[in-house]
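Undergrad: coords below, sequence missing:
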């Protein structure tokens, strides 16, 4: 007997996979796959704003090769020029997720538009945000030149799922908050914030994180749900980007960054 669904339920709008992945290493990949299925999203980036109004990039995943560079530039100082920033801080007292104004190129300065749209081939953007205590989670969904802009149907779908996904993103990163007693969490923050590790794609980061955590190649494949050959491929690509050839050199990079007094404060 087939299970019944609530009225109005649609598999096309189902965000359950992303919600069920909260707190797990697979969350970023599940999130982007959910976004692609529902609304044809090409790339997703998550930033946070804190009480001191500083910004930090928590997530960069999808089809934009220079995503890590964009995350670093935005966190560095370009967040000050984001036209959504004023709206985000005006909504500080809100307890629910909110959708940011529709994307329009004229909202952005020429320099901002060149770096974040022209150089990255971004042609459209949809954004949502949610304040949790003193931290705002700012979630951005992008379409690139080869995809074209979001159509009206995709925009309506995003409006429907954005609040739920925004809350899921906030919950995931709260669950993954770094702890002095959890080395894996420290390493996750390291890969999200410290060069040269920020050059890696999400999958390359996930593989390297597990190498540093003592996983064998077989265990990495099982944990991520990928083939052994894929694990070898992601490791090879990561090592090439980092300019290394061995696990020992990967450990050396991580230990050097962990020892830096300017990291993970």
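TA: Now that the structure is in, tell me what you want to look at. All of these numbers come straight from a predicted model, not from anything done at the bench.
Undergrad: Please make it C-alpha for all contacts and neighbour counts, starting now.
TA: OK.
Undergrad: name the helices or strands packed onto the helix or strand residue 137 falls within?
TA: When elements are defined using DSSP states H and E, residue 137 is found to belong to strand 135-144. The contact analysis (3 or more C-alpha pairs under 8 Å, 6 or more residues apart in numbering; DSSP states H and E) places strand 135-144 against strand 43-49, strand 122-132, helix 152-175.
Undergrad: how about a cut-off of 6 Å?
TA: Contacts defined by 3 or more C-alpha pairs under 6 Å, 6 or more residues apart in numbering; DSSP states H and E place strand 135-144 against strand 43-49, strand 122-132.
Undergrad: between the last one and helix 152-175, how many degrees?
TA: Going by axes from the mean of the first three to the mean of the last three C-alpha atoms, to 10 degrees, strand 122-132 is angled at 40 degrees with respect to helix 152-175.
Undergrad: Run a quick neighbour tally on residue 27.
TA: Using other C-alpha atoms under 10 Å as the criterion, residue 27 is surrounded by 20 other residues.
Undergrad: Show me what the helix or strand hosting residue 58 pairs with in its sheet, parallel or antiparallel.
TA: Residue 58 belongs to strand 55-62 when assigned by DSSP H and E. Strands that pair with strand 55-62, judged by DSSP bridges, come out as strand 43-49 (antiparallel).
Undergrad: which outside residues touch the strand it pairs with?
TA: Under the contact criterion C-alpha atoms under 6 Å, 6 or more residues apart in numbering, strand 43-49 has outside partners 55-63, 135-142.
Undergrad: Break this protein down into its domains, please.
TA: The chain breaks down into these domains under automatic domain parsing: 15-175, 183-259.
Undergrad: Mind putting those into a markdown table with mean pLDDT?
TA: Shown next, in a markdown table, are those (pLDDT from 0 to 100):
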| stretch | mean pLDDT |
| --- | --- |
| domain 15-175 | 91 |
| domain 183-259 | 84 |
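Undergrad: Same list, the helices and strands packed on strand 135-144, but as a markdown table with mean neighbour count and distance to residue 221 please.
TA: As requested, the helices and strands packed on strand 135-144 are arranged in a markdown table below (neighbours: other C-alpha atoms under 10 Å; distance: least, C-alpha to C-alpha, whole Å):
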| stretch | mean neighbour count | distance to residue 221 |
| --- | --- | --- |
| strand 43-49 | 22 | 24 |
| strand 122-132 | 23 | 32 |
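Undergrad: Present those as TSV; the columns should include distance to residue 229.
TA: TSV is the format used below for these (distance: least, C-alpha to C-alpha, whole Å):
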stretch	distance to residue 229
strand 43-49	25
strand 122-132	32
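Undergrad: buried residues in the helix or strand containing residue 256?
TA: Assignment of secondary structure by DSSP H and E places residue 256 within helix 247-259. The neighbour-count check on helix 247-259 (16 or more other C-alpha atoms under 10 Å) flags 250, 254, 257, 258 as buried.
Undergrad: tell me, how many neighbours does residue 40 end up with?
TA: Counted with other C-alpha under 10 Å, the neighbours of residue 40 add up to 21.
Undergrad: I misspoke; the intended subject was residue 174.
TA: Summarising burial for residue 174: neighbours were counted as other C-alpha under 10 Å, giving 13.
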